[in-house]
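Trainee: pasting a predicted model and its sequence here:
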Amino acid sequence: MTRTSPVGPPRGDDAPEELLRQACALVRLCGQDGLIAAVLLVVVGVGVIAQLAAVRPGVIQVVLLGVLVVAYAGSAGFVVRSRMTLVAALSTARGNTGSPLDPAVPWKPFALDTALDARVRDGELRRLLAAAHRCSELSWRAVVWGMVTAVSFVIWTMAMVAL
């Protein structure tokens, strides 16, 4: 399953503002996808705990629970990897441009009043855009695995009720 993104791949003639706009759009999608995956995981987690508190599972239910746990871990792993990818890219960009690594500190490149060299700026923006694409892909995979987890939970719940 692939997702189409609202922004296309970067072209060689993109203005810095356009690269930044594309990266910001992808980061917003990342956040939305991560939130959707997290909500799915919380709902499934609460449901599993409630089911286990109410009914003692048999052998078949334990095997199905194992499948559910693997899908849950996969989705959670993609959410974490997505966040780590984005944070690493931002800290690398801040480090490469001479800005403080603490995001609360105002960003003043190279601790000077001069602007960044256009070549350095464009290189950093392209790296940020690439990281945003990767983050978006990882967060989409988290949503897909969250849906697999939800479907597995429904099947597991039906097995708990039927057997």
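Mentor: In hand now; what should we look at? Quick caveat, the model's predicted, so the values are computed rather than measured.
Trainee: which elements pack onto the helix or strand that contains residue 134?
Mentor: Assignment of secondary structure by DSSP states H and E places residue 134 within helix 118-162. In terms of contacts (3 or more C-beta pairs under 8 Å, 6 or more residues apart in numbering; DSSP states H and E), helix 118-162 is packed against helix 16-54, helix 59-96. Backbone N, C-alpha and C define where each C-beta goes, glycine included.
Trainee: make TSV from these and add distance to residue 149, mean pLDDT and mean neighbour count to it.
Mentor: Below are the helices and strands packed on helix 118-162 laid out as TSV (distance: least, C-beta to C-beta, whole Å; pLDDT from 0 to 100; neighbours: other C-beta atoms under 10 Å):
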stretch	distance to residue 149	mean pLDDT	mean neighbour count
helix 16-54	5	92	16
helix 59-96	4	91	17
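Trainee: residue 133: which of these is closest?
Mentor: Nearest to residue 133 among the helices and strands packed on helix 118-162 is helix 16-54 (6.1 Å), distances taken as C-beta to C-beta.
Trainee: can you get me a residue count around residue 131?
Mentor: Using other C-beta atoms under 10 Å, residue 131 is surrounded by 21 other residues.
Trainee: ok, it to residue 38 distance?
Mentor: Shown here: residue 131 relative to residue 38, a distance of 21 Å by C-beta to C-beta, to the nearest Å.
Trainee: try residue 153
Mentor: Spatial separation of residue 153 from residue 38 under the definition C-beta to C-beta is 15 Å.
Trainee: ditto for residue 160
Mentor: Summarising the geometry, the distance separating residue 160 from residue 38, computed by C-beta to C-beta, is 24 Å.
Trainee: ditto for residue 54
Mentor: Distance check for residue 54 against residue 38: by C-beta to C-beta, it reads 25 Å.
Trainee: residue 93 too?
Mentor: 26 Å.
Trainee: check residue 154 too.
Mentor: Counting by C-beta to C-beta - residue 154 and residue 38 are separated by 19 Å.
Trainee: same deal with residue 135?
Mentor: The gap separating residue 135 from residue 38 is 15 Å, by C-beta to C-beta.
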